[in-house]
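S.K.: The sequence isn't on hand, but the structure is:
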């Protein structure tokens, strides 16, 4: 085994782990005083890792990817694309985090450190080409997520969210592990490559059970219907920056992991999982669209919106074609800034006393009091609804195009119908902000960091985002191609 | 010969201590008997050539699990005499379970008499090296082929530890009996006290 090459390919993970360990020592000695400095250092480390992933992504000599550590880990365009998204999303969340916790005097240096280890786990998930790597990455990411969800330990809802997430997450991990044990038993190996070779010749019913269990557990992790029940509660209870994180980076990691899993080891048996993915996609779109209608809490609405979006993401996977995989990646790249922008706008809504505001009643008449903020939310909501001049439309368009090309016309038609239903609650934001009478008090200014994240995501979602389509399309095609090259 | 004697010694001691675990009236004694049972089980594992499992039994079960039991037993204020009060009432259920276990044992011995299950000799590239001890075999792959996963598993344990501390550790708010002598010496009496001469019928403004 070539250790030098292996360490080179896993450079981002190693650097992030080392940064996490060093910062942990800093926090242990200096306590809460340095929490902000540690956050800045963590952001710098993540920028370094993002740069590394981007460098490997654009280096044409690695276009076909390479294995590290004897086939436990794979560095290819697909993994680097997902990692770039994950790191950038984590950076954005870290930038808007400290102010939220400072208002309660609860910000601690462990928060950015847990984020760093979470990022390491997520990178392992997207690079895993062995069931063991996948599981260890998943647990590293999940464990730190449970702690982050209950980070406001004096707040009952936050503790409840953490506990709920922990118990259901542990159950899902158990289901995945059971499925993996069946797959290992029937394939005789945990390596994706070997599993694919064995299953291409012979696919016994027991192995099918294994695949179904693994997919069910992964569906829980990405919050796809029918395993979505935890999402609204956890998203509502968790501190808002943590919710923004859950809706972005771990979702990218879990979707990427699911894609590699479905297309690589089980790629020869796409008939076996395609029906499951199609069902999960349709159910997520419909439940996500209908569930949000009666909600008054904005975090719950955005939780249902994320369930809805997972449905669209799964449509791309359901096609099991390179075009579909590429469309999924494009959708993910558009979804991440869209959702982070929405949550940042939510973080900027505070009462003059610093209390977070998070219901529809609180944003009444926002346009008269904070016109720029209202305008940014307008762009983001229209984009989430998929209304044409905005960039969110492009994501939905490529996904549906891939579905129609793969002869899944019915799937695309139902998806489009449900996205019209979903538009209802996105438009409700606009109606409440622009046409209702203002009431209550609002904080009148927000820090530059929040504005920066919000404006960048709003500009990306505005029609200006279309300037990126050629580049985004090329990179996504190449990334999806590297996923299929192995087959 | 020596193996046979050792086997009977370990087996008898293990069964005897297992009996003592359930009959000892003092729960602390039960846990101590349990530790003895684990030790003997480890001895049996050594006899069959699974020395790595024997080490795990001692390190994990004796070192961690049993000590944890001991802590729980000593910290919880449970009236164990009361727990035993239902012994006669629950005896039929216990008998049924015992019978099932007995049947399993008889079946197991019967199967063993009829010839043990043929596990065969492992082949293929993942098979163990014949003649190498299983500790050395596990160590050889754990720190080379699976180095990446081994280190990542270490990170998981670290995150679990950090998480537990973040969620439960509260810094002491008031330190009782703490005296800052330097501050006391530096104290300026003129700045700390104010002389006021209040007149009758009027309040004092400080």
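M.R.: Looks like it arrived, so ask away. Note that the structure is a prediction, hence the values are computed from the model and not measured.

S.K.: so what does the longest helix seen in chain A touch, helix or strand wise?
M.R.: Determined from DSSP state H, the single longest helix within chain A is helix A:156-187. Helices and strands touching helix A:156-187, by 3 or more CB pairs under 8 Å, 6 or more residues apart in numbering or on different chains; DSSP states H and E, are helix A:131-149, helix A:192-201, helix A:205-221, helix A:230-237. For the C-beta atoms, the positions are set from N, CA and C on the backbone; glycine is no exception.

S.K.: So what's the residue count around residue B:75?
M.R.: Counted with other CB atoms under 10 Å in any protein chain shown, the neighbours of residue B:75 add up to 8.

S.K.: now it: how far from chain A?
M.R.: In this view, residue B:75 and chain A are 23 Å apart by CB to the nearest CB, to the nearest Å.

S.K.: per-residue confidence for that residue?
M.R.: Note on residue B:75: pLDDT of 78.

S.K.: Excluding residues flanking it in the chain, which one is nearest residue A:49?
M.R.: residue A:12 (3.9 Å; CB to CB, 6 or more residues apart in numbering or on different chains).

S.K.: Report the secondary structure element holding the one you found.
M.R.: Using DSSP states H and E, residue A:12 sits within helix A:11-30.

S.K.: what's in contact with that helix?
M.R.: A:7, A:34-35, A:38, A:41-42, A:45-46, A:48-50, A:52-53, A:83, A:87, A:108-110, A:112-113, A:116-117, A:119-120, A:123-124, B:151, B:155, B:158, B:162 (CB atoms under 8 Å, 6 or more residues apart in numbering or on different chains).

S.K.: Now it: buried residues?
M.R.: Neighbour-count burial for helix A:11-30 flags A:11, A:12, A:13, A:14, A:15, A:16, A:17, A:19, A:20, A:23, A:24, A:27 (criterion: 16 or more other CB atoms under 10 Å in any protein chain shown).

S.K.: That one: how far from the chain's middle?
M.R.: 24 Å (CA atoms, centre = their mean, to the nearest Å).

S.K.: before we move on, what about stretch A:192-203?
M.R.: 29 Å.

S.K.: again with stretch A:417-424
M.R.: Offset of stretch A:417-424 from its chain centre (CA atoms, centre = their mean): 22 Å.

S.K.: Please identify the buried residues of that stretch?
M.R.: Under 16+ other CB under 10 Å, the buried positions of stretch A:417-424 are A:418, A:419, A:421, A:422, A:423.

S.K.: contacting residues around the residue of the stretch 51-200 of chain A found nearest chain B?
M.R.: Relative to chain B, the nearest point of the stretch 51-200 of chain A is residue A:147 (3.6 Å; CB to the nearest CB). With contact taken as CB under 8 Å, 6+ apart, residue A:147 is in contact with A:114, A:162, B:159, B:162, B:163, B:166, B:167.

S.K.: Which of these fall within helices?
M.R.: In this view, these that belong to helices under DSSP H are A:114, A:162, B:159, B:162, B:163, B:166, B:167.

S.K.: From those, pick the one nearest residue A:338.
M.R.: residue A:114 (24.9 Å; CB to CB).

S.K.: Write out the residues of chain B neighbouring chain A.
M.R.: Residues of chain B lying close to chain A by CB under 8 Å from any CB of the partner chain are B:126, B:144-149, B:151-153, B:155-156, B:158-160, B:162-163, B:165-167.

S.K.: Only whichever of the residues you listed are buried, select them in ChimeraX.
M.R.: Buried residues within the residues of chain B next to chain A, by 16+ other CB under 10 Å, are selected in ChimeraX with:
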select /B:146,147,148,149,152,155,156,158,159,160,162,163,166
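
S.K.: quick one: average confidence on stretch B:150-160?
M.R.: 94.

S.K.: same question but for stretch A:433-449, I mixed them up
M.R.: Regarding stretch A:433-449, the rounded mean pLDDT is 83.

S.K.: Same question for stretch A:57-74.
M.R.: Mean predicted lDDT for stretch A:57-74 stands at 82.

S.K.: Could you tell me which residues within that stretch count as buried?
M.R.: Per 16+ other CB under 10 Å, stretch A:57-74 contains these buried residues: A:57, A:62, A:65, A:66, A:67, A:68, A:69, A:70, A:71, A:72, A:73, A:74.

S.K.: shouldn't the third one be in contact with residue A:81?
M.R.: No. Counting by CB atoms under 8 Å, no contact exists between residue A:65 and residue A:81, whose distance comes to 11.5 Å.

S.K.: Closest one of the ones in helices among the contacts of residue A:147 to residue B:187?
M.R.: residue B:166 (38.3 Å).

S.K.: Please convert the buried members of the contacts of helix A:11-30 into PyMOL selection syntax.
M.R.: Of the contacts of helix A:11-30, the buried ones can be selected in PyMOL as follows, counting by 16+ other CB under 10 Å:
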select buried, (chain A and resi 34+35+38+41+42+45+46+48+49+50+52+53+83+87+108+109+110+112+113+116+117+119+120+123+124) or (chain B and resi 155+158+162)
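
S.K.: who touches whatever residue of chain B ends up closest to chain A in this structure?
M.R.: As assessed by CB to the nearest CB, chain A sits closest to residue B:163 within chain B, at 3.6 Å. Residue B:163 sits next to A:114, A:143, A:144, A:146, A:147 when contact means CB under 8 Å, 6+ apart.

S.K.: Is it possible to get CSV of the buried residues of stretch A:417-424 that adds secondary structure, distance to residue A:315 and pLDDT?
M.R.: Shown next, in CSV, are the buried residues of stretch A:417-424 (DSSP: H, G, I helix; E, B strand; the rest coil; distance: CB to CB, whole Å; pLDDT from 0 to 100):
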residue, secondary structure, distance to residue A:315, pLDDT
A:418, helix, 11, 86
A:419, helix, 11, 85
A:421, helix, 16, 88
A:422, helix, 14, 85
A:423, helix, 17, 88
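
S.K.: Make a markdown table out of the residues you listed and add distance to residue B:52.
M.R.: Shown next, in a markdown table, are the buried residues of stretch A:417-424 (distance: CB to CB, whole Å):
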| residue | distance to residue B:52 |
| --- | --- |
| A:418 | 55 |
| A:419 | 56 |
| A:421 | 59 |
| A:422 | 56 |
| A:423 | 61 |
